[in-house]
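*Asks:* quick one, what's the 3D model for this:
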Amino acid sequence: MAEEPLLRNRSGTARDRDPQAPVEELEIEAAIGRNVRQLRLQHGLTVAEMAARIGISKAMMSKIENAQTSCSLSTLALLAKGFDVPVTSLFRGADVQRPASFVKAGEGPRIVRAGSREGHEYQMLGSLRGEHRRLESLLVTLSHKSQTYPLFQHPGTEFIYMLEGVMDYSHSRTVYRLHPGDSLQFDGEGAHGPVDLIEVPIRFLSVIAFPDSYV
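*Replies:* Numbers count the residues shown, from 1 in each chain. Here you go, the predicted structure:
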């Protein structure tokens, strides 16, 4: 039986890099790429049209926009002249510190969720402010069997990845038997939650992506 081809994520950019290359250099390349693409779109030009306009190859123009090359000073001058902007405008955003959240093992704050039961522990694995609060990442531990379990509902999409133990997990009208290594992704509006703890302790990752309107 032939193996199915891997799915590829087409969003964002990726590029090979020298392990010794400073991070600042990569940030500058990414900023130039974003600004060049935005300016080109504002002018209503295709990659090929913009490349011809300033006298470089289409391939080079594409590499610049995708942060796959470092621009020489002469190329930066050509771009600035072609867009009729100062060279400095091509670096806009390069010095902006992007947010990240790092949590060492076992040091995430414990939180209480509505409907929590004794023996149900929720540990926050990461949290950002502002527009990035669309994502909630939790390590959930279920350590005791009891007669009832909460059913949750929330806007957005939830992803569960089992780390330890075995449980039956319900979503809408379907029950899934989850073992270590199993994953489940579902619409959070459907009632969901554990319905039977088969082997405890149970640990799983829960990642919830909330819609923009919910933040």
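*Asks:* how about residue 48, what does it touch?
*Replies:* Taking C-beta atoms under 8 Å, 6 or more residues apart in numbering, we find residue 48 in contact with 58, 61. For the C-beta atoms, the positions are set from N, CA and C on the backbone; glycine is no exception.
*Asks:* how about 6 Å then?
*Replies:* Going by C-beta atoms under 6 Å, 6 or more residues apart in numbering, residue 48 touches residue 58.
*Asks:* and the helix or strand hosting it, average pLDDT?
*Replies:* If you go by DSSP states H and E, residue 48 is part of helix 47-54. The average pLDDT for helix 47-54 rounds to 93.
*Asks:* next, the buried residues of it.
*Replies:* For helix 47-54, the neighbour count (16 or more other C-beta atoms under 10 Å) marks 47, 50-51, 53-54 as buried.
*Asks:* ok, and what's touching the helix or strand just after that helix?
*Replies:* Following helix 47-54 in sequence order, the next helix or strand is helix 58-65 (DSSP H and E). Applying C-beta under 6 Å, 6+ apart, the contact partners of helix 58-65 are 33, 36-37, 47-48, 50-51, 69.
*Asks:* ditto for stretch 73-81
*Replies:* Stretch 73-81 is contacted by residues 54, 87 when judged by C-beta under 6 Å, 6+ apart.
*Asks:* give me the mean pLDDT for it.
*Replies:* 92.
*Asks:* now it - C-alpha only, PDB.
*Replies:* What follows is stretch 73-81, C-alpha atoms only, in PDB (Å, rounded to 0.1, in the frame of the first residue of the first chain):
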ATOM      1  CA  LEU A  73      22.600  48.200  -0.500                       C
ATOM      2  CA  SER A  74      22.300  48.600  -4.300                       C
ATOM      3  CA  THR A  75      19.100  46.400  -4.300                       C
ATOM      4  CA  LEU A  76      17.600  48.300  -1.400                       C
ATOM      5  CA  ALA A  77      18.300  51.500  -3.300                       C
ATOM      6  CA  LEU A  78      16.500  50.100  -6.400                       C
ATOM      7  CA  LEU A  79      13.500  49.100  -4.400                       C
ATOM      8  CA  ALA A  80      13.200  52.400  -2.600                       C
ATOM      9  CA  LYS A  81      13.500  54.300  -5.900                       C
END
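*Asks:* just the buried positions in it, please.
*Replies:* 75-76, 78-80.
*Asks:* inside helices: which ones of those residues?
*Replies:* Counted as lying in helices by DSSP state H, out of the buried residues of stretch 73-81, are 75-76, 78-80.
*Asks:* for this protein, what helix or strand is lowest in average pLDDT?
*Replies:* In the chain, no helix or strand scores lower on mean pLDDT, DSSP states H and E than strand 110-111, which sits at a mean of 74.
*Asks:* centroid residue for this structure?
*Replies:* With distances taken as C-alpha atoms, centre = their mean, residue 135 lies nearest the centre of the chain, 8.7 Å away.
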